Structures are given as C-alpha cells and as structure tokens.
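S.K.: Take a look and give me a structure for this.
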Amino acid sequence: MRGMSELNLRDGFWRLADPKISITSAASMAIGTAVAYQHGPVSWPWLAVFGVAMSCMEVAKNAWGDVYDYDSGTDLAVRPEDRTKFSGGKRVLVDGVLTRTQTWGIAVLFGLAGVVLGALIVFFREPRVILPGVLGLALGWSYHGPPLRLAYRGLGELDVVLCYGPIIALATHLILAGAYSTEVILLSLPLGLLTAAFLWVNEFPDFDADRGAGKYNLVARLGKRRAARLLPLIYLTAFAPLPLLPFVTGLPHTIALGFLAVPPAACATYWTMQDPQTFHRHKPVQPCALLAFVLYATGIATGIALRA
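M.R.: Presented below is the predicted three-dimensional model:
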C-alpha cells in the first residue's frame, strides 16, 4: 500500500510539473536573457535561481488550479473523447492520483519555495524585481483563485498575455542587466499573444464542460465558430510588429528568425477554422500552437545572440 501511495505521489507530481506546459515561462525568460546578453555578460547562476523559482511556481499554479477546476466541476465534466494531453486540467483529483490534501500540500510547498527563491533574488541581486514578481504572483494566483478567478470571467487570456509576455521577460532582464527594457516589452508582447493562442485552442476541447461549470473564458463566451475566426487575428497581431522592430529599436534584423513560428501557427489556424467542433480529436492543433510560441522565442533569442 505504501509503495502504491508513493507511486501515485510521483505520478501526481509529474502531472503537475508537466514540462510541455511549463515551457511557457522558459520561453519568456529566453527573450529577457537574449536582450540582456546583447548588452554584456549575464549572471548564469542568478538566471538558474530564477529558472528554478519559476519552475516551482508553475508546479504550485498547476496544483491549485487543478483543485479549483475540480471544485467548479469543469474537469469532472470533460468527456473522455475530449480529453487531450494539453487540456482538461492535470486531472490528479479526477483520476484519483492525489488527494486534495496532497495536491494542496504540493501547491503550498512549491509556492513557498518559489517565493523564498524570489526573496533571495530581491535581497541579494536586484530589489526592483519585487514589482514584476508580486504582480506575476498575483496574476498567477488570480487565474484560477479567488476572489478574481480571471479564467472564469473571460480575463484569463489577458492574464496569460501579460504574465508569459512582458512580466517574466522583464523580470529576467532586470535580474541579469539591472534595468527595464523597452526592447524586451516589444519582443515579449507578441510572445504573450502566441502563448494566449496556445491557451485559446486548448479551451476548445473543454468548451461544453467549461460552460456547464460557469467557466466563461473567451472561447466559452464567444462560441467555437466565432472563436475559431478570431484565432488568425491573434496570430496576425503577434507577427505584424516583427518586421518593424529592427527599425524602431535598433535590434538586429536576424530577429526575423521569429517568423519560424509562422508555419505551425498557420497549421493550427487552418485546422481550427476547418473544424472548430472536434479538431482536437484528429488534428495536432494544440502541439502546433505550442510549437509556434516556442519557435518564436527560440528564433528571437537566436537572432539576437547571432549579433551580440
């Protein structure tokens, strides 16, 4: 019995850690790091501390998010044919992998670890990082947690744009370069939109469950067909500024490598618009949307590093 409990605990932890989702913060950090590297040497140890802090907060956020989505009933209502590796929550409670106490324990333990590491950065590296840190923590909690519960009010997508766009990228640059950066904001806002597009397509499989549980994210509010028609607009808004940024900011033209994200974004858009009702059952839209924001961040960081 003890061995089975330990096995469940490990399985539950890895579900909550979920690297394919947690890579969102790493993508934003990559942009902040690349811009800082352009202006001089960076402190890799402090970057590692911040990376571990962000990983801890991702685990905590996934844990408390799973509890709140379980309590609302949305994760319970997802039909088996609509379950995917990218949506429907981590399902540690739905599948009985973890108890509520274990899930909250992981949330508290990793949340505290993230806060402690953040405090070390504030006191021993860069005091001004407390502002984006506190803002990011508040938005991370409020995505699922009370009193705001932004994901239930149609504001979760904006939360994602801000957190996984400028907030994490600016915090990274501030830790490494000791300054805020307009370049980071201009490069990371498109990344935030691309990450929100990933969230957007992940909301389609949960559509009926979310509406039934009162989780009115923007896809649930708009309906699948209208939401599908808005997806190309999100992508166009993200990519449109990229050709202008070298002229506006003096960034190298090699940041055009960010356009590597266009093919997977185009595939995700086409398949979503072609079949907004059930694309998740037979087309890799969600992996393509994930690949899009990863390739954008990788392309931008590589383009800057080539000219640093």
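S.K.: Now V49: which helix or strand?
M.R.: helix 44-72 (DSSP states H and E).
S.K.: Could you pull out the buried residues of that helix?
M.R.: For helix 44-72, a neighbour-count test (16 or more other C-beta atoms under 10 Å) marks 46-47, 49-51, 53-70, 72 as buried. Heads up, the C-betas are built off the backbone N, CA and C, glycines and all.
S.K.: Give me the neighbour count for R128.
M.R.: Using other C-beta atoms under 10 Å, R128 has 14 neighbouring residues.
S.K.: Then A30?
M.R.: 25.
S.K.: Flag every buried residue along the helix or strand containing it.
M.R.: Assigned by DSSP H and E, A30 belongs to helix 19-38. Residues 21-38 are the ones in helix 19-38 that count as buried (16+ other C-beta under 10 Å).
S.K.: Show me what it is packed up against.
M.R.: helix 44-72, helix 168-177, helix 182-202, helix 285-307 (3 or more C-beta pairs under 8 Å, 6 or more residues apart in numbering; DSSP states H and E).
S.K.: what angle do the last one and helix 168-177 make?
M.R.: Between the axis of helix 285-307 and that of helix 168-177 there is an angle of 30 degrees, by axes from the mean of the first three to the mean of the last three C-alpha atoms, to 10 degrees.
S.K.: Could you check the angle helix 285-307 makes with helix 182-202?
M.R.: For helix 285-307 and helix 182-202, the angle between their directions (the same axes, to 10 degrees) works out to 160 degrees.
S.K.: Can you list the buried residues in helix 285-307?
M.R.: In terms of neighbour count (16+ other C-beta under 10 Å), helix 285-307 has its buried residues at 285-304.
S.K.: one step back: quick one: mean pLDDT over the helix holding A30.
M.R.: Mean pLDDT, helix 19-38: 92.
S.K.: Put the alpha carbons of it into CSV.
M.R.: Once non-C-alpha atoms are left out, helix 19-38 reads as follows in CSV (Å, rounded to 0.1, in the frame of the first residue of the first chain):
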residue,chain,number,x,y,z
PRO,A,19,7.2,20.3,-18.8
LYS,A,20,5.3,20.7,-22.1
ILE,A,21,3.1,23.4,-20.4
SER,A,22,5.7,24.9,-18.0
ILE,A,23,7.9,25.7,-21.0
THR,A,24,5.8,28.8,-21.4
SER,A,25,7.8,30.6,-18.7
ALA,A,26,11.1,29.4,-20.1
ALA,A,27,10.2,30.9,-23.5
SER,A,28,9.6,34.3,-21.9
MET,A,29,12.9,34.0,-19.9
ALA,A,30,14.7,33.3,-23.2
ILE,A,31,13.8,36.7,-24.6
GLY,A,32,14.7,38.6,-21.5
THR,A,33,18.1,36.7,-21.3
ALA,A,34,18.8,37.3,-25.0
VAL,A,35,18.3,41.1,-24.8
ALA,A,36,20.4,41.2,-21.6
TYR,A,37,23.2,39.2,-23.3
GLN,A,38,23.2,41.7,-26.1
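S.K.: And that helix, how far out from the chain middle?
M.R.: Computed by C-alpha atoms, centre = their mean, to the nearest Å, the chain-centroid distance of helix 19-38 equals 11 Å.
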